[in-house]
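J.: below are the sequence and a predicted model for it; my questions follow.
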Amino acid sequence: MLTVGSLERPELLRRLREGLTLRTGPFAYRIHSRCAPVADGLATLYADFEVEAPGGIADFHVHVRPVRGPRRWWRPQVEFRLDQHSPFLPLPADHAFALLEWGMNWCLASQANHHLLFHAAVLEKNGECLVMPGDPGAGKSTLTAALMLSGWRLLSDEMAMIDRDNGLAVPLARPVSLKNRSIDIIRAFSPQAVLGEAARDTHKGTVSHLRASPASVAGRLIPVRPTQLLFPHWSAGAATRLTPVPKGEAFERLASHAFNYSLLGRLGFELTAALIDGCQCWDFGYSDLPDGLAALEGLRS
């Protein structure tokens, strides 16, 4: 199997110029770019990921490229394109890899409607599968990163994908997006954490991405049934606490994090209801990361 990490840099750059087809879970992205931060980010964070043979079929054809005109030279900017569509405003050139990550998420959120999609992290260990929706500032990504670095298998940081046919969570295992203080927290938590270059002064502040663990990438084809639904919330000085959430309330809260619940109509309702029925549902408050991880290790369905 050819991986990103097995490509020498000249070959990686050549393939990106011509279109490098990267497989993440059930999807293949053909990535076109001449931007050095894109090559650097892929080499650091996607080293274990499979590269498809040239000429194969890709689900998404994406480009990260310099904008034309004066902005190519003066305060250079880059743009993301899916085919001929550009869903975002251009960003500074040194944000190119972060723009690729956001664009790849957008492709799934807007196009992958053969799955039920939630803005949530998904992890698995010993058959227990956590689905963790997160509001901004709730600490979802920090908790996700720490769990993965503690031996949990990452299925996804940003996108819970539920198979419409069997209700299983589908793995993606792409890098975990960390912001601001979370970057230093995770560096201190695990010296083994591999983080990419930080993109500063984005609309989310400073952003860096954490490499998915080898075990998470190795399990990229193994779906799992959700067993625990957690609504995490970090608060300074708070005691670690798991509080049961009534299933009716959990349904409403989870549906508010869905990308395509309304689009799927009755099927969206039935899939969400089945997910809730199969899970224990919790509010999870914490401030101390090791204490919080210990509490989650004790969850049993």
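T.: Cool, the structure landed.

J.: how about the contacts made by residue 27?
T.: Counting by C-beta atoms under 8 Å, 6 or more residues apart in numbering, residue 27 touches 59-60, 107-108, 112, 172. Placement of C-beta: from N, CA and C, glycine included.

J.: quick check, residue 99 in a strand?
T.: No. Residue 99: not assigned to a strand; according to DSSP: H, G, I helix; E, B strand; the rest coil it is helix.

J.: numbering from 29 from now on, please.
T.: From this message on, residue numbering opens at 29, which makes the last subject residue 127.

J.: tally up the residues packed near it, please.
T.: 25 (other C-beta atoms under 10 Å).

J.: that one and residue 134: what is the separation?
T.: 10 Å (C-beta to C-beta, to the nearest Å).

J.: find residues that contact each of those two.
T.: With C-beta under 8 Å, 6+ apart, residue 127 and residue 134 have common neighbours residue 116.

J.: can you list the contacts of residue 55 in TSV and add distance to residue 123?
T.: Output for those, formatted as TSV (distance: C-beta to C-beta, whole Å):
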residue	distance to residue 123
87	24
88	20
135	18
136	20
140	24
200	22
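
J.: next step: those restricted to helices.
T.: Judged by DSSP state H, the contacts of residue 55 include 135-136 as members of helices.

J.: just the buried residues of the contacts of residue 55.
T.: Buried members of the contacts of residue 55, counted by 16 or more other C-beta atoms under 10 Å: 87-88, 135-136, 140, 200.

J.: from those, which is closest to residue 223?
T.: residue 200 (18.7 Å; C-beta to C-beta).

J.: can you tell me how far the closest one is from residue 312?
T.: Looking at residue 200 against residue 312, where the rule is C-beta to C-beta, the gap reads 22 Å.

J.: got it, and residue 126?
T.: For residue 126, the distance to residue 312 (C-beta to C-beta) stands at 28 Å.

J.: kindly report the same for residue 205.
T.: 20 Å.

J.: more neighbours, these two?
T.: Ranked by neighbour count (other C-beta under 10 Å), residue 205 and residue 312 place residue 312 first, with 24 against 20.

J.: that one reaches residue 258, doesn't it?
T.: Yes. Residue 312 lies in contact with residue 258 (C-beta atoms under 8 Å); the separation is 4.6 Å.

J.: between the two, what contacts are shared?
T.: By C-beta under 8 Å, 6+ apart, residue 312 and residue 258 have these common neighbours: residue 324.

J.: just say helix, strand or coil for residue 83.
T.: Classified using three-state DSSP, residue 83 is coil.

J.: how near is it to residue 153?
T.: From residue 83 to residue 153 the distance is 38 Å (C-beta to C-beta).

J.: pLDDT-wise, what's the bottom of the buried ones among the contacts of residue 55?
T.: Ranked by pLDDT, those bottom out at residue 200 (90).

J.: now do the phi/psi pair for that one.
T.: Here is the backbone geometry of residue 200 (degrees, to the nearest 10): phi -120, psi -50.

J.: quick one: contacts for it?
T.: Residue 200 sits in contact with 52-53, 55, 136, 183-184, 187, 189, 248, where contact means C-beta under 8 Å, 6+ apart.

J.: grab the nearest non-local neighbour of residue 256.
T.: Ranked by C-beta to C-beta, 6 or more residues apart in numbering and with sequence neighbours excluded, the top spatial neighbour of residue 256 is residue 158, at 4.9 Å.

J.: by contact count, what packs against the one helix or strand the one you found maps to?
T.: Here residue 158, judged by DSSP states H and E, is contained in strand 156-161. Here strand 156-161 touches strand 143-153, helix 168-177, strand 256-262, helix 275-283, going by 3 or more C-beta pairs under 8 Å, 6 or more residues apart in numbering; DSSP states H and E.

J.: what is the burial count for residue 233?
T.: 14.

J.: do residue 34 as well
T.: Residues near residue 34, counting by other C-beta under 10 Å, number 12.

J.: circling back to that earlier point, partner strands of the strand holding residue 158, parallel or antiparallel?
T.: strand 143-153 (antiparallel), strand 256-262 (parallel) (DSSP bridges).

J.: what does it contact?
T.: 146-152, 168, 171-172, 175, 180, 183, 188, 197, 252-260, 281-282, 285, 303, 307, 324, 327-329.

J.: having no further points to raise, I will conclude here.
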